[in-house]
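Asks: I'd like to go over a predicted model; first the sequence, then the structure.
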2 protein chains.
Amino acid sequence: MKKPKNSTTIRDVARLADVSVATISRYLNNNTLLSKETAQRVQAAMNELNFSPHPVARSLATNRTNTIGLVMNDIAGDFFTPLLEGIIATTEEQNYNLLIYTSNRTKHANPILFGPKYTDGLLVFLNGLEEEDLINLHQSNQPIVLIHHSAPEGLNIPTVTIENKAGSKAIVSHLIEAHQRKRIVFLRGPAGNEDSSWRETGYRQALESHGFAIDESLILQGNFDRFTSQESMRTLIQAGIQFDAVFTGDDDAAIGTLAALKEANLHVPEQVSVVGFDDQRLAPFLTPALSTVHAPTDQVGMTAARHLLKLIRHEPVESVILLPTELILRNSCGCSQAISTE
Amino acid sequence: MKKPKNSTTIRDVARLADVSVATISRYLNNNTLLSKETAQRVQAAMNELNFSPHPVARSLATNRTNTIGLVMNDIAGDFFTPLLEGIIATTEEQNYNLLIYTSNRTKHANPILFGPKYTDGLLVFLNGLEEEDLINLHQSNQPIVLIHHSAPEGLNIPTVTIENKAGSKAIVSHLIEAHQRKRIVFLRGPAGNEDSSWRETGYRQALESHGFAIDESLILQGNFDRFTSQESMRTLIQAGIQFDAVFTGDDDAAIGTLAALKEANLHVPEQVSVVGFDDQRLAPFLTPALSTVHAPTDQVGMTAARHLLKLIRHEPVESVILLPTELILRNSCGCSQAISTE
DNA sequence: CTGAAAGCGCTTACAG
DNA sequence: CTGAAAGCGCTTACAG
């Protein structure tokens, strides 16, 4: 027993205010009217003792933890900071705590540390959870909101993500309409990545709606990764396949694409337009400054957290929320813009 | 009372295994030898019921939460992701949970949500906590490790930070020795920022050890911010003060510096060398690629978390940990390096 | 409007 | 090696 037992409890307050502990509890949760006079005594006693209730005890008694969990695979990536900023903005506003899990733990480690008993609800980013675990959690009535990922067949778990398709269609159309590009490469993201498949759909629809045939030899693996993308672009160039633009799938892939083009002495944007997706912090600093689609990642975080809190309160919630993206036209597509103060 | 009461408890297991709850508890915490036979019965019962102990109840009984908290002002900044990666790597390894606080909450909001009863210890980033709160927490025996910030006078709170002085001295010396720079500007960070003052000390020592006098007119406000830095550099240039290098204090300030230099048609690195500090993700993508000092932020996170866990276990801990920095020489200082595959 | 009492699900001296 | 019981600090029907 290593309890310091220093902290003052509800009993101490009750004794000092000369009421029962139940009364203190009621005052704390103001779910019953107290007589003005007792209320004052209680408040005075709480002040004097500098009392604050023990959250763990409260949690055990109420079966609420006042915290939500964020589960993800790993925290890498530039979108992580804005995502978390969004989530925290709303947990803070609504007086919830945030617990961070990465799924390494959920796979290998002591399972006690992970699970619904710690949280009132879970935000699951991408494929942060195995489908099986997700299903179990959902069936045990744990409120869940998915981020950038759709629910498994038949499960009604709300999702928040962005307008991947519309954004992609818009930027590819821009390439065609504003810059007369005709042979546009697309770099796919990781297999199974939903953002990537929507972006591919947007790409295809843009081409089709402009009467272009889809040339599958222009669709390559980029993996949302600069090195993979650089390799794919090198291969394409060496194969002698002609193209006049690249929609890289995400900004990281744009980095590799720009590098490969530079190696091959192909000028961007004069000979080849390059556009990305995400609008990461480094996008304006690439050479040339990257035209891309802005993903409102902080909004995604806010919205997801807000919806999870609604779910926790048993309020109704839409099942799919799509946040609008926005075209950011800098130089790499062929548009010109002052570069120095971006 | 909205308790689903679905989950199985230690009593259920005890009943099934035909032992007392105390025995289950002992098995869980393996702090007493159980007879082989009971151990097997208990394990079988736990498996059958798919039991996992309730962390909140456990926490109430033991006065341990198995979670640590990270407190900070706001989560902006590129160093945040690596910092958190480092922290999570160790909390995961040691089976701790991580709770994220931002200090907005600690200032305005319901104080119940913040505090030692939620966590076994706290990681405090920069000035994430008012000095008064820090002192109170420390005096109430809450284990604390400070990150990039030193303890208030007289308090023995461990700190982990980086070798700001040595890194700065090294890069400024590089400017002098390798590139014959003689009039080197320094851009200060925000007032009171300790990283900044150590960097300034390193800058001064580098100049002095090379026999240069310090010209205070070359020390300006940069605020670790691109806009402030751009303004300061504009003013310096317009004042006609001569300089041949800028140590920008951090990488963000380097962005503004490069922009101001470009506006003024001063070529980097031919006319002016520019070096930063941090080695943020975007550093290699600036034009020219930024020479800078690498701050091992993930290591800072790991080390801080590891030391906090030691503190929690009452193991001894050094009071100041300084992690080594490293010179990253790219192009902006005048060194040359292949740029495309960085 | 207020109190006495049971309960949340564990852990841990204390006995045996 | 194991059990009975008290306790962790709250909340919440149930009475009055």
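Replies: Received the coordinates, thanks. Here the structure is a predicted model, which is why all the values come from computation and not from measurement.

Asks: what about stretch A:262-280, near chain B?
Replies: Yes - counting by C-beta under 8 Å from any C-beta of the partner chain, contacts between stretch A:262-280 and chain B involve A:262-263. The C-beta positions use only the backbone N, C-alpha and C, and glycine is treated the same way.

Asks: Next up, the contacts around whichever residue of the stretch 201-342 of chain A sits closest to chain B.
Replies: Closest to chain B within the stretch 201-342 of chain A is A:L282: 4.0 Å, counting by C-beta to the nearest C-beta. Residues counted as contacts of A:L282 (C-beta atoms under 8 Å, 6 or more residues apart in numbering or on different chains) are A:78, A:251, A:255, B:281-282, B:285.

Asks: If we use 10 Å, what do you get?
Replies: A:L282 makes contacts with A:78, A:251-252, A:254-255, A:290, B:78, B:280-286, as judged by C-beta atoms under 10 Å, 6 or more residues apart in numbering or on different chains.

Asks: can you tell me which of these are in strands?
Replies: Using DSSP state E, no member of the contacts of A:L282 falls within strands.

Asks: what secondary structure does A:P82 sit in?
Replies: Here A:P82 is helix, with the state taken from DSSP: H, G, I helix; E, B strand; the rest coil.

Asks: Nearest residue to A:G189 in space, please, no chain neighbours.
Replies: Spatial nearest neighbour of A:G189, excluding adjacent residues (C-beta to C-beta, 6 or more residues apart in numbering or on different chains): A:S196 at 3.0 Å.

Asks: per-residue confidence at the one you found?
Replies: pLDDT, A:S196: 97.

Asks: Residues of the stretch 151-300 of chain A that sit close to chain B?
Replies: When proximity is defined by C-beta under 10 Å from any C-beta of the partner chain, the stretch 151-300 of chain A lies next to chain B at A:226-227, A:230, A:255-256, A:258-263, A:280-290.

Asks: helices or strands next to the helix or strand where the residue nearest to A:G189 lies in the packing?
Replies: Using DSSP states H and E, A:S196 sits in helix A:194-209. When contacts are defined as 3 or more C-beta pairs under 10 Å, 6 or more residues apart in numbering or on different chains; DSSP states H and E, helix A:194-209 sits against strand A:159-162, helix A:164-179, strand A:184-188, strand A:219-221, strand A:245-247.

Asks: Tell me how far A:T297 lies from DNA strand C.
Replies: 38 Å (C-beta to the nearest atom of the strand, to the nearest Å).

Asks: Now the element after the helix or strand of chain A with the lowest mean pLDDT, going C-ward?
Replies: Among the helices and strands of chain A, helix A:103-108 carries the lowest confidence by mean pLDDT, DSSP states H and E, at a mean of 56. Using DSSP H and E, the helix or strand that follows helix A:103-108 towards the C-terminus is strand A:121-125.

Asks: centroid residue for chain A?
Replies: With distances taken as C-alpha atoms, centre = their mean, A:L83 lies nearest the centre of chain A, 4.7 Å away.

Asks: who's in contact with that residue?
Replies: Contact analysis of A:L83 by C-beta under 10 Å, 6+ apart lists A:70, A:72, A:75, A:77, A:123, A:125, A:147-148, A:295, A:297-302, A:304-305.

Asks: which regions of chain A sit below the pLDDT cut-off?
Replies: Within chain A, the stretches falling below the threshold (pLDDT under 70) are A:1-6, A:31, A:104-116, A:337-342.

Asks: re earlier: return the subset of the residues of the stretch 151-300 of chain A next to chain B lying in helices.
Replies: A:226-227, A:230, A:255-256, A:258-263 (DSSP state H).

Asks: ok, and the most crowded of the residues you listed?
Replies: Greatest neighbour count in those, by other C-beta atoms under 10 Å in any protein chain shown, goes to A:L258: 28 neighbours.

Asks: number of nearby residues for A:H179?
Replies: 17.

Asks: next one: A:E270
Replies: Residues near A:E270, counting by other C-beta under 10 Å, number 9.

Asks: Any idea which residue of the stretch 101-250 of chain A lies closest to DNA strand C?
Replies: A:K117 (8.2 Å; C-beta to the nearest atom of the strand).

Asks: Pull the contacting residues for that residue.
Replies: Here A:K117 is in contact with A:59, A:63, A:65, A:142, B:7, B:52-58 (C-beta under 10 Å, 6+ apart).

Asks: Select only the buried ones of these in ChimeraX?
Replies: Entered in ChimeraX, the line below selects the buried ones among the contacts of A:K117, by 16 or more other C-beta atoms under 10 Å in any protein chain shown:
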select /A:59,63,65,142 /B:7,52,53,54,55,56,58
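
Asks: can you narrow the contacts of A:K117 to ones near DNA strand C?
Replies: Taking C-beta under 7 Å from any atom of the strand as the test, DNA strand C is in contact with A:63, B:7, B:53-54, B:57-58 out of those.

Asks: Which members of these occur in helices, if any?
Replies: Using DSSP H, the ones next to DNA strand C among the contacts of A:K117 in helices are B:57-58.

Asks: mind checking the backbone torsions on A:S150?
Replies: For A:S150, the backbone dihedrals (degrees, to the nearest 10) come out as phi -100, psi 160.

Asks: and it, what does it touch?
Replies: A:S150 neighbours (C-beta under 10 Å, 6+ apart): A:157, A:159, A:161, A:194, A:319-320.

Asks: Over to A:A22?
Replies: Neighbours of A:A22 in contact, by C-beta under 10 Å, 6+ apart: A:10, A:14, A:32.

Asks: Which element, helix or strand, includes it?
Replies: A:A22 belongs to helix A:21-29 when elements are defined using DSSP H and E.

Asks: Quick check: what element follows that helix along the chain?
Replies: helix A:36-49.

Asks: mind giving me the domain split of chain A?
Replies: Domain assignment of chain A by automatic domain parsing yields the ranges A:67-162+A:298-324, A:164-296.

Asks: Would you format these as a markdown table with distance to B:Q43 included?
Replies: Listed next are these as a markdown table, based on distance: least, C-beta to C-beta, whole Å:
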| stretch | distance to B:Q43 |
| --- | --- |
| domain A:67-162+A:298-324 | 15 |
| domain A:164-296 | 37 |
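
Asks: what's near enough to touch the one residue in the stretch 151-300 of chain A that gets nearest to DNA strand D?
Replies: Going by C-beta to the nearest atom of the strand, DNA strand D is nearest to A:P158 of the stretch 151-300 of chain A, at 26.1 Å. A:P158 makes contact with A:143-146, A:151, A:303-304, A:307-308, A:310-311, A:317-321, according to C-beta under 10 Å, 6+ apart.

Asks: Try it again at 8 Å.
Replies: A:144-146, A:151, A:307, A:311, A:317-321.

Asks: For the stretch 51-200 of chain A, which residues are neighbours of DNA strand C?
Replies: Residues of the stretch 51-200 of chain A lying near DNA strand C (C-beta under 7 Å from any atom of the strand): A:57, A:60-61, A:63.

Asks: Restricted to strands, list these.
Replies: Per DSSP E, the subset of those in strands is empty.

Asks: I'm done for today, thanks for sticking with me.
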